[in-house]
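Enquirer: Show me the folded form of this:
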Amino acid sequence: MKKKKILVLCTGNSARSQMAEGWIKYYAGNAAEVWSAGIEAHGLNKYAVKSMMDAIIDISHQRSKTTEELSDIKFDYIITVCDNAKENCPYFPGEAVRIHHSFPDPAKATGSEEEIIEAFNNVRDDIEDFVFDFVHANIRSLIPEDIESIV
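Expert: Numbers count the residues shown, from 1 in each chain. Modelled structure (predicted):
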């Protein structure tokens, strides 16, 4: 079975889209190829890395990139995780299914270090719930060997 190609888009590709990429890779395993990108590349947010590491998902090797770097890939799914990305998403040729779910921007959190990481953890957990449902409805449900292993 052909791996599904998934793109997660956000404004700066520093936090929400990076966390979603990490969760999709975790839940989809070898059933998908996953990229994240932004309209701009703001660099990987250190709080996003820490929050995901606290959930045992290492995204520190991922890098922030723009959509221009991925323009030659024909995606099966394009997921926007903020309204700005949905409204300003560049055109990608093909028949990609577009899915939108806006999450609050944890990078805008203020306060103590604990309050900031709590904001990231809350968004991380919301993204995990969304990704879990997405992967099991669209990716993992398509893999026959999974069905055989439960029977």
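Enquirer: Now do the contacts for the most centrally placed residue in the chain.
Expert: For the chain, residue 20 is the residue whose C-alpha lies nearest the centre (CA atoms, centre = their mean; 2.4 Å). Residues in contact with residue 20 (CB atoms under 8 Å, 6 or more residues apart in numbering) are 8, 36, 79, 81, 127, 130, 131. C-beta coordinates here come from the backbone N, C-alpha and C atoms, glycine included.
Enquirer: So which of the residues you listed belong to helices?
Expert: 127, 130, 131 (DSSP state H).
Enquirer: now the residues you listed in a markdown table, with distance to residue 112, pLDDT and neighbour count?
Expert: Formatted as a markdown table, the ones in helices among the contacts of residue 20 follow (distance: CB to CB, whole Å; pLDDT from 0 to 100; neighbours: other CB atoms under 10 Å):
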| residue | distance to residue 112 | pLDDT | neighbour count |
| --- | --- | --- | --- |
| 127 | 23 | 98 | 27 |
| 130 | 27 | 98 | 17 |
| 131 | 28 | 98 | 26 |
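Enquirer: From those, pick the one nearest residue 3.
Expert: Closest approach between these and residue 3, by CB to CB: residue 131, at 16.6 Å.
Enquirer: so the closest one touches residue 23, yeah?
Expert: Yes: using CB atoms under 8 Å, residue 131 is in contact with residue 23, at 4.0 Å.
Enquirer: Is it possible to get TSV of the ones in helices among the contacts of residue 20 that adds distance to residue 138?
Expert: Below are those laid out as TSV (distance: CB to CB, whole Å):
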residue	distance to residue 138
127	16
130	12
131	11
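Enquirer: Go through the residues you listed and say which is closest to residue 27.
Expert: For those, the nearest to residue 27 is residue 131 (6.0 Å; CB to CB).
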